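Undergrad: Got a sequence here, can you model it:
(chains A, B, C and D)
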2 protein chains.
Amino acid sequence: MIQELKSNYGHLFEEALLNEINQVGTYKEVSEGSKLMDIGDYIKAMPLLVSGAVKILREDNDGDELLLYFLEKGDTCAMTLTCCIGQTKSEIRAIAEKDTKLIMIPIQKMEEWSSKYKSWRNFVFNSYHNRLNEMLETIDSIAFLKMDERLLKYLNEKARVSDNNIINNTHQEIAYELHTSRVVISRLLKKLENLGEIELHRSHIVIKNI
Amino acid sequence: MIQELKSNYGHLFEEALLNEINQVGTYKEVSEGSKLMDIGDYIKAMPLLVSGAVKILREDNDGDELLLYFLEKGDTCAMTLTCCIGQTKSEIRAIAEKDTKLIMIPIQKMEEWSSKYKSWRNFVFNSYHNRLNEMLETIDSIAFLKMDERLLKYLNEKARVSDNNIINNTHQEIAYELHTSRVVISRLLKKLENLGEIELHRSHIVIKNI
DNA sequence: TTTTGTTTGTAACCTATGTTACTGTACAGA
DNA sequence: TCTGTACAGTAACATAGGTTACAAACAAAA
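TA: Next up, the predicted model:
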């Protein structure tokens, strides 16, 4: 583990902290689509992402979903941090967007390291910072953008995260994450195809001009 | 200042920290409607709210606004915290919702106190926690609720913050904060009045059943 | 090959919300 | 008292997006 740890967090954390993480952290590999956490779960550990990507979703009372943002290499889940303090339940759902490697840290260490290591403190603050900004981005999208703009942004985001220009999702899946209906997505995708922005295929979409 | 400080933050901070705050903090009173911070501003100090309320707004490229949430007694601005670390510009606008008293802390103290005082650390973490949750609430509202539900929620929130059941706003002002148009708000307000939920007057609204 | 379920395309329709335009009325200042 | 402006009510219309329904294309299984 120490190898992957160093290459991803070596520039952030001092030697002593890296060693502590190596001792108490547990290495974990999850495959695409597996659920890392659900709404209402109690949190026992916080994840440090080593590779891959995780999507964070919100759900309303009717079970309708909405994609909030992605976690990527070097990220941690600010919602988890938040829950560690208050010992509250998770407000969000986390699902591996692709095969993902992570290191799980027992939450008891949070507080201890916060006083002991300045680098840890900064990391935590930075994570909050990043998450707040991503939430703002999300709010901007749903409040200020029309569905076609949101869709295009979503596709580009997906492409960026998965590191290629092919989106392996059905229209139905996209509709869930944007909290709209399949017909609407099909309609707008077709429009984007006619504009030459994308190519539609069964169960996958190719993004052009990237 | 020490008096107001103790009564609001005495249960959170230890004696030594309270004294430091008292020494380096500057007391400030602002009246309703005054702008505390705008988008693009550089942040030089972080505010601790002693009394009153501050509304936090987001703006899109066309200058259209959206209310994010309110800060109240005992709150601080997580966006400010966020900016302190990155030395970045403000992403939001802050306007006094009513006459407000606050203590301004120079941002240099942030880092120093974070390592020195556990209570300060917890306060900062807690602020992030609260703000993230409020952002989630905001996202829920704009993503999952219809405009009439959002409006009712907004009115109740306003009433709660201003501590009485009269909203002193024009339809136009409400429309700005919910990012819609005056006509839509007038229409929905009239509907709410017919349902017996509110009473409409010129430049103010009375909330019943509270 | 046939069958079955999944995915997509599309039409037709509905509703919430946004837009424009015009009215009357309350209020403030001249 | 008169007048201009801000505020609110409302109608008429435009549009984005949500809904229902159905057919065609495709893929996997039998």
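
Undergrad: Every contact and neighbour count from this point should use C-alpha atoms.
TA: OK.

Undergrad: How is chain A divided into domains?
TA: Here the domain parsing of chain A from automatic domain parsing is A:2-143, A:146-207.

Undergrad: first to last residue in the first one, what's the distance?
TA: Criterion C-alpha to C-alpha, to the nearest Å; first-to-last residue distance in domain A:2-143 is 43 Å.

Undergrad: touching chain B at all, that domain?
TA: Yes. Taking C-alpha under 8 Å from any C-alpha of the partner chain as the criterion, domain A:2-143 and chain B are in contact, through A:60, A:66, A:79, A:82, A:85, A:115, A:118, A:125-126, A:128-129, A:132, A:135-136, A:138-140, A:142-143.

Undergrad: Show the buried residues in those residues.
TA: Neighbour counting with 16 or more other C-alpha atoms under 10 Å in any protein chain shown marks A:66, A:79, A:82, A:85, A:115, A:118, A:125-126, A:128-129, A:132, A:135-136, A:138-140, A:142-143 as buried within the residues of domain A:2-143 next to chain B.

Undergrad: Which ones among these lie within strands?
TA: Members of these lying in strands (criterion: DSSP state E): residue A:66.

Undergrad: Just give the number of residues close to residue A:201.
TA: Taking other C-alpha atoms under 10 Å in any protein chain shown as the neighbour definition, residue A:201 ends up with a count of 10.

Undergrad: And the next helix or strand past the helix or strand of chain A at the bottom of the mean pLDDT ranking?
TA: Taking mean pLDDT, DSSP states H and E as the measure, the helices and strands of chain A show their lowest mean at helix A:78-86, namely a mean of 75. Past helix A:78-86, further along toward the C-terminus, the next helix or strand under DSSP states H and E is strand A:93-96.

Undergrad: For that following strand, give the mean pLDDT please.
TA: For strand A:93-96, the mean pLDDT works out to 96.

Undergrad: Direction included, what does that strand pair up with?
TA: Strands flanking strand A:93-96 in the sheet, each with its direction: strand A:35-37 (antiparallel), strand A:53-59 (antiparallel) (DSSP bridges).

Undergrad: ends of stretch A:6-20, how far apart?
TA: End-to-end distance for stretch A:6-20: 12 Å, by C-alpha to C-alpha.

Undergrad: And for that stretch, what's in contact with it?
TA: Counting contacts by C-alpha atoms under 8 Å, 6 or more residues apart in numbering or on different chains, the residues outside stretch A:6-20 that touch it are A:2, A:5, A:50, A:73-74, A:117, A:119-120, A:123.
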